[in-house]
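K.L.:
just a sequence and a predicted model for now, questions to come.
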Amino acid sequence: MYVPGHFAADPRAVDALLTNLGAADLITVTEQGMLATFLPLLYDAAVGERGTLLGHVARNNEQWRRAPIGEALAIVRGVDGYVTPSYYASKAEHGRVVPTWNYLTAHVYGELIVHDDVEWLGGLVRRLTDRHEAGREHPWSVDDAPKAYVEGQLRAIVGLELRISRIEAKSKFSQNRSAEDIDSLVVGLERDGETGHAEAVREARPDAK
């Protein structure tokens with residue numbers, strides 16, 4: 001990943017991105033070519049030196065059957081959004097501004113491990129479910145479904161674990177703009193209802209660290 005110094009992601013931002021991960025693109029290169037699957041993943045920092053990403057795919061998905069050549073890659077995305085030059089204070093001053101796209105992303109590399117084990121899968125499915133049902137007034141539980149049905153569903157999937165070896169991350173939120181441009185950008189984003197994007201710009205600004 002191309003990461004200019006001023007766009008290097010703070011380790012705390014990367015940890016928060018992985019901890020709050022919903023889904024990501026899992027990419028592998030195999031002898032039969034490149035494969036990719038978009039799937040929900042769970043980050044477990046307690047496994048290995050750098051943590052691991054856990055998920056599952058349909059048994060009919062060929063990606064788990066084809067051994068990867070080298071490391072597998074998960075592309076994780078955080079807040080992102082378009083930036084119009086009209087937001088910048090410097091537009092009125094000299095006009096030398098262009099559109100851009102702000103974003104937070106991490107490329108997570110590691111060894112891909114297959115788990116074709118119903119007990120392992122059952123534990124993962126419960127963890128994923130509890131994670132995404134948390135906070136709901138009436139959270140759904142795996143135990144709400146008939147046992148035989150759940151067992152059948154578990155036999156139809158295969159577990160995947162990406163044991164993390166390295167992470168490349170980029171946090172591009174207009175840190176290369178002047179303080180005045182950043183201020184006006186935050187105002188413009190908030191005015192247009194892009195509050196999450198505005199907060200990311202505010203947190204990433206160089207003078208906020």
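P.N.:
Structure's in. What do you need? Numbering: from 1, shown residues only.
K.L.:
can you show me the CA trace of the helix or strand bottoming out on mean pLDDT in the chain as CSV?
P.N.:
Across the helices and strands of the chain, mean pLDDT, DSSP states H and E gives its lowest value to helix 90-93, namely a mean of 87. Extracted in CSV, the C-alpha atoms of helix 90-93 (Å, rounded to 0.1, in the frame of the first residue of the first chain):
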residue,chain,number,x,y,z
SER,A,90,-8.6,28.2,-0.1
LYS,A,91,-11.0,27.8,-3.1
ALA,A,92,-12.0,31.4,-2.7
GLU,A,93,-8.4,32.5,-2.1
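K.L.:
need the contact partners of it.
P.N.:
P85, R96, V97, R177, S178, E180, D181 (Cβ atoms under 8 Å, 6 or more residues apart in numbering). Where you see a C-beta, it was placed from the backbone N, CA and C, and this is true even at glycine.
K.L.:
which parts of the biggest helix by length in the chain are buried?
P.N.:
Longest helix of the chain, by residue count under DSSP state H: helix 118-133. Under the neighbour-count criterion of 16 or more other Cβ atoms under 10 Å, helix 118-133 has L121, G122, L124, V125, L128, T129 buried.
K.L.:
now L53, nearest residue through space, not along the chain?
P.N.:
L162 (4.2 Å; Cβ to Cβ, 6 or more residues apart in numbering).
K.L.:
if I pick the residue nearest the centre of the chain, what's in contact with it?
P.N.:
Central residue of the chain (Cα atoms, centre = their mean): V76, 2.7 Å from the mean position. By Cβ under 8 Å, 6+ apart, the residues touching V76 are L17, L18, L21, A24, L41, T105, A106, H107, V108.
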